[in-house]
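Chemist: give me a model of this one.
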Amino acid sequence: MRRIVSVWLIDWPVTVRARSAGPTPPDPFAPDAGAEALILRTARGAVIHALNPAARALNLSRGQTQADALAMVPRLICHPADPLADARALEVLAVWAERWSPTVAVDLSDGGLEGLFLDLTGATHLFGGEAATLDQIEQRLSAAGLRARTAMAPTPGAAWALARWGTTTRIAGETEVRAALAPLPLEALRLDPATLKQARRFGLTTIGALYPMPRAGLARRFRDEAGIGLVRRLDQALGGTAEALTPTRPPARYRGWEAFADPLTDTAGIEARLPGLADSLARGLEADGQGARALTLTAFRVDGRAETLSVRMGRALRDVDIWLRLFRETGIARLDPGFGIDALMLTADLTEPVLARQITLGDEDAARSAEGLAALIDRLSARLGEDAVQVAEPQGSWLPERAERWRLALGRAEPRPPAVTQAHDRARPLLLLDPPEPVEAIAELPDGAPARFTWRRVSRRVSKADGPERLSPEWWRPRPDGRQVRTRDYYRIEDDQGLRYWLFREGLYGPEFTGAPDERPPSWWMHGMFP
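Modeler: The predicted structure follows:
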């Protein structure tokens, strides 16, 4: 049976405004508090968006114009409303509520009825049962300074209605839903004002009054689509029509979770409990043959906030020791415990299959080297930041300066183009000059290797030469300076002192240079050095 919890955050806009007003703001819910209202600018002018209990006791109502409210209560304290800030704060609270369920959805109902939905199907036993779970949620929110009411039912609609209008029942099973909803007003079905107005004209005031009426006849009584909306809301509350919840964050398939009776007050306590969470997460991954490439540690604070710390890896792993080392490199001290942390959650945000790979005896050193390089990249990325560690990646180009590009070391590598594979079968220098530097060379025409060249004002005599390796021009990529794109002939050169270079001649005699006065003759360039 599905178990949905609806949390009604009473006077949420007033609460958000009070908590953001300063370190010690006046409590708008205190018995001696003055009348306060949040004002929203609309097409009708300035209207009341939210009220505290003292203002409601003076017969002020939401939607009333500010002018009328001040005429009735001249001492009314008015503040500007900020619905966007209210929504952002609700999303932050939804992340904090993931201590009870990985599926938490934001409920943006207007009229001061904002709240949360939690899917606790099959999980209430972890918190001592259904009644104990609701008590714990309300106590935690109250300790964080939030006024809330909760209810549990098989459908979101029923839980929403019981949390806001239920007086005697706050937990309903499949067999108790109809009886629990029957005495509640029609407002508990989350209907729009126009539908409610038409329903009252027909004498319909409670949900139970709708039960004996045929669905088709009920829908035809209303104008436009109001009747269809009424029937849909009724069926959603009773379970006849499914209603999906959209979680604030996609629920993690793999996670380790632990709650503490005594809150953790320092990072040493967090680090001491992290191995247990990692072991629990690794067991779940191993059972499905998966490994994690991204992990997030979430610390739930007693004041209603959640602190997160994430690490990423270049390959899928489920090695607990490596995970712990990466979190230490990233800095567990970045987690601010505040007044205490009462729950920790470790989730695998990105997973991939981990398959056993057979290697030959001769490949052991290469495999060990690759694993060591991957571990080094992970540690550097954790300590310095992902953007600070990059690796060279081949791309489809014959020209050496375009044959590689830099990408984030923890990013996904793209498939290697066949042309690049062929190009890298040839010897390439470890050091490339960018851009290539001009060289004066003496060589036999039309395509002989240099016999002597001058580079950086030093003349060098060639003792050995190998080439040419001809690279055709990429005519579809024009040069930035507008010059003609030419063929290159590359030579591996060794001078009389044993130093080795990589030179190329740009341009061919004959096909690309005929000797005309306005033509640019072929030129020599230094592109790199061999060790």
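Chemist: adjacent strands (with direction) for the one helix or strand E469 maps to?
Modeler: In this assignment (DSSP states H and E), E469 forms part of strand 458-471. Note on strand 458-471: by DSSP bridges, its sheet partners are strand 450-455 (antiparallel), strand 488-495 (antiparallel).
Chemist: what about the first one, distance to the chain center?
Modeler: Think strand 450-455. Strand 450-455 sits 57 Å away from the centroid of its parent chain (CA atoms, centre = their mean, to the nearest Å).
Chemist: tabulate the CA atom coordinates of that strand in CSV.
Modeler: What follows is strand 450-455, C-alpha atoms only, in CSV (Å, rounded to 0.1, in the frame of the first residue of the first chain):
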residue,chain,number,x,y,z
PRO,A,450,67.7,20.3,-44.7
ALA,A,451,71.6,20.1,-44.7
ARG,A,452,71.9,23.1,-42.4
PHE,A,453,69.3,25.3,-40.6
THR,A,454,69.3,28.4,-38.4
TRP,A,455,66.9,28.6,-35.5
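Chemist: contacts for it, please.
Modeler: Residues outside strand 450-455 that contact it (CB atoms under 8 Å, 6 or more residues apart in numbering): 437, 439-444, 459-462, 465, 491, 493, 501, 503, 524, 526. Quick note: C-beta positions are derived from backbone N, CA and C, even for glycine.
Chemist: filter those residues down to the buried ones.
Modeler: V439, A441, A443, R460, V462, A465, Y491, I493, Y501, L503, W524, M526 (16 or more other CB atoms under 10 Å).
Chemist: buried residues of stretch 10-20, list them for me.
Modeler: I10, D11, W12, P13, V14, T15, V16, R17, A18.
Chemist: save those as JSON lines, and put in secondary structure too.
Modeler: As requested, the buried residues of stretch 10-20 are exported to JSON lines (DSSP: H, G, I helix; E, B strand; the rest coil):
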{"residue": "I10", "secondary structure": "coil"}
{"residue": "D11", "secondary structure": "coil"}
{"residue": "W12", "secondary structure": "helix"}
{"residue": "P13", "secondary structure": "helix"}
{"residue": "V14", "secondary structure": "helix"}
{"residue": "T15", "secondary structure": "helix"}
{"residue": "V16", "secondary structure": "helix"}
{"residue": "R17", "secondary structure": "helix"}
{"residue": "A18", "secondary structure": "helix"}
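Chemist: farthest pair within the residues you listed?
Modeler: Farthest pair in the buried residues of stretch 10-20 (CB to CB) is I10 and R17. Separation: 14.0 Å.
Chemist: what's the closest of the buried ones among the contacts of strand 450-455 to L433?
Modeler: Using CB to CB, these come closest to L433 at M526, 6.2 Å.
Chemist: can you classify that closest one by secondary structure?
Modeler: strand.
Chemist: is it bridged to anything, and to what?
Modeler: E437, L503.
Chemist: give the contact list for it.
Modeler: M526 neighbours (CB under 8 Å, 6+ apart): L433, P436, E437, P438, V439, W455, Y501, W502, L503.
Chemist: just the strands paired with strand 458-471: most buried one?
Modeler: When the strands paired with strand 458-471 are scored by mean count of other CB atoms under 10 Å, the highest mean neighbour count falls to strand 488-495 (a mean of 21).
Chemist: can I get the buried ones among the contacts of strand 450-455 in CSV including pLDDT?
Modeler: Output for these, formatted as CSV (pLDDT from 0 to 100):
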residue, pLDDT
V439, 94
A441, 93
A443, 90
R460, 93
V462, 94
A465, 92
Y491, 94
I493, 93
Y501, 95
L503, 94
W524, 93
M526, 94
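Chemist: from those residues, pick the one nearest Q484.
Modeler: W524 (16.7 Å).
Chemist: sorry, back to before: which one of the contacts of M526 is nearest G289?
Modeler: Nearest to G289 among the contacts of M526 is W502, at 46.5 Å by CB to CB.
Chemist: pretty sure the closest one contacts H527?
Modeler: Yes - look at W502 against H527 with CB atoms under 8 Å: they come within range, at 5.1 Å.
Chemist: joint contacts of those two?
Modeler: Joint contacts of W502 and H527 (CB under 8 Å, 6+ apart) are P429, Y490.
Chemist: quick one: low-confidence ranges for this protein?
Modeler: 22-25, 223-227, 355-373, 411-426, 479-483, 515 (pLDDT under 70).
Chemist: where along it do the helices fall?
Modeler: 12-19, 53-56, 66-72, 83-96, 130-143, 156-165, 177-181, 193-201, 215-220, 226-238, 267-287, 320-330, 364-384, 418-423 (DSSP state H).
Chemist: just the ones you listed: most buried one?
Modeler: A comparison of the helices of the chain by mean neighbour count, using mean count of other CB under 10 Å, puts helix 156-165 on top with a mean of 25.
Chemist: any idea how far L285 is from A294?
Modeler: With the distance defined as CB to CB, to the nearest Å, L285 ends up 12 Å from A294.
Chemist: go on, L264?
Modeler: 24 Å.
Chemist: so for the two, which sits in the more crowded spot?
Modeler: More crowded of L264 and A294, by other CB atoms under 10 Å: L264, with 21 against 15.
Chemist: residues contacting the more buried one?
Modeler: Going by CB under 8 Å, 6+ apart, L264 touches I270, R273, A299, P337, G340, I341, D342, L344.
Chemist: report whether the expected contact of the last one with L297 is present.
Modeler: In other words, L344. Yes - under the criterion of CB under 8 Å, L344 makes contact with L297 at 6.9 Å.
Chemist: for these two, list the residues in contact with both.
Modeler: I270, L274, L277.
Chemist: pretty sure the second one is touching L346, no?
Modeler: What that stands for is L274. Yes - between L274 and L346 there is a contact at 7.3 Å, judged by CB under 8 Å.
Chemist: give me the common contacts of those two.
Modeler: L297.
Chemist: only C-alpha atoms, please: export stretch 72-88 in PDB.
Modeler: These are the backbone C-alpha positions of stretch 72-88, laid out as PDB (Å, rounded to 0.1, in the frame of the first residue of the first chain):
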ATOM      1  CA  MET A  72      -9.700  48.300   9.100                       C
ATOM      2  CA  VAL A  73      -6.500  48.000  11.100                       C
ATOM      3  CA  PRO A  74      -4.400  51.300  10.900                       C
ATOM      4  CA  ARG A  75      -1.600  49.700  13.100                       C
ATOM      5  CA  LEU A  76      -1.100  46.900  10.600                       C
ATOM      6  CA  ILE A  77       2.600  46.300   9.900                       C
ATOM      7  CA  CYS A  78       3.200  45.700   6.200                       C
ATOM      8  CA  HIS A  79       6.200  44.000   4.500                       C
ATOM      9  CA  PRO A  80       6.800  43.200   0.800                       C
ATOM     10  CA  ALA A  81       6.100  39.600  -0.200                       C
ATOM     11  CA  ASP A  82       8.700  37.600  -2.100                       C
ATOM     12  CA  PRO A  83       7.100  34.400  -3.600                       C
ATOM     13  CA  LEU A  84      10.400  33.500  -5.300                       C
ATOM     14  CA  ALA A  85      12.300  33.500  -2.000                       C
ATOM     15  CA  ASP A  86       9.500  31.400  -0.500                       C
ATOM     16  CA  ALA A  87       9.800  28.800  -3.300                       C
ATOM     17  CA  ARG A  88      13.600  28.700  -3.000                       C
END
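Chemist: now do that stretch: distance to the chain's middle.
Modeler: 31 Å.
Chemist: ok, residues contacting that stretch?
Modeler: So stretch 72-88 is in contact with 12-13, 16-17, 20, 34-40, 49-50, 55, 58-60, 66, 69-70, 106, 108, 114, going by CB under 8 Å, 6+ apart.
Chemist: contacts only, for the spatially most central residue of the chain.
Modeler: What sits nearest the mean C-alpha location of the chain, by CA atoms, centre = their mean, is R249, with 7.8 Å. The neighbours of R249, taking CB under 8 Å, 6+ apart as the test, are A94, V95, E98, V104.
Chemist: what domains does the record give for the protein?
Modeler: Domain assignment for the chain, taken from automatic domain parsing, gives 1-184, 255-350, 391-423, 431-530.
Chemist: identify whichever of those lies nearest to L230.
Modeler: domain 1-184 (12.3 Å).
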